[in-house]
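Participant: What follows is a predicted protein model with its sequence.
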Amino acid sequence: MLSSYDLAAIMARLDAREAALDLLTQERQAAVAAILRSPAGSPGTALDPAGGREPEEAELLLIRRADHPADPWSGHMALPGGRREPADESLLATAIRETREEVGIDLAAHGTLLARLPEVPAVARGRRAGMIVAPFVFALRCTPELTLSDEVAEALWTPLGPLARGERTSRYAYTHEGNVLQLPCLLVDERVVWGLTYLMLKQLFEVLHR
């Protein structure tokens, strides 16, 4: 486990990871962005130059998807992202485009790519959805104002440390075909992060704790 979850420590831990190539697959593809920022200032700042205090923990951007009957992940807490379009030259391009469209952050201009995590098979309502999702981790050099699309009900920044240390781990009662399943989740205030987003964040935590 990291001794500190400030952005400088996270960037140092992820710096040596090699970028994976897009998989050759017949399944549909999507990509999401796990976006981190330093609440104290620019990423990489280990100490506050004015006060010399300990660095603050990095924050993670989460969104809540808008309610829509055609969306199998309607209303879920998520990371910005979406499906790959034919014009996207790579899944990285998908993550950057979808983030710009959903929350107004231009990762090409304001972000630094830290890592690409292993793809996760998408599951909707307990079944494989025929799609893989590639998670990318970014650090922001500055924090532009968020501009939410109609696909996003809300967006919020939350400290990464409590999530990574297991302080927000809980169980979510999910009813599937008449059975109540107790699934692992993360609690962010009154919001529940579970399913695909939980699995992708768990991958990030595992990498940070190696």
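Facilitator: All right, it came through fine. Numbering: from 1, shown residues only.
Participant: Who are the packing partners of the longest strand seen in the chain?
Facilitator: Ordering each strand of the chain by length in residues (DSSP state E) puts strand 127-140 first. For strand 127-140, the elements it packs on are helix 7-14, strand 28-37, helix 91-103, strand 111-116, strand 120-124, helix 195-208, judged by 3 or more C-beta pairs under 8 Å, 6 or more residues apart in numbering; DSSP states H and E. All C-beta atoms are positioned from the backbone trio N, CA, C, and that covers glycine.
Participant: Give me the next element, helix or strand, following that strand.
Facilitator: strand 152-159 (DSSP states H and E).
Participant: ok, back up a step: the inter-axis angle of the longest strand of the chain versus helix 91-103?
Facilitator: 80 degrees (axes from the mean of the first three to the mean of the last three C-alpha atoms, to 10 degrees).
Participant: Pairing partners for strand 127-140, with directions?
Facilitator: strand 28-37 (parallel), strand 111-116 (antiparallel), strand 120-124 (antiparallel) (DSSP bridges).
Participant: Tell me which of those sits nearest to residue 162.
Facilitator: strand 28-37 (14.2 Å; C-beta to C-beta).
Participant: Could you report the distance from the residue nearest to the spatial centre of the chain to residue 203?
Facilitator: The C-alpha lying nearest the average C-alpha coordinate of the chain belongs to residue 34 (C-alpha atoms, centre = their mean; 2.8 Å). In this view, residue 34 and residue 203 are 9 Å apart by C-beta to C-beta, to the nearest Å.
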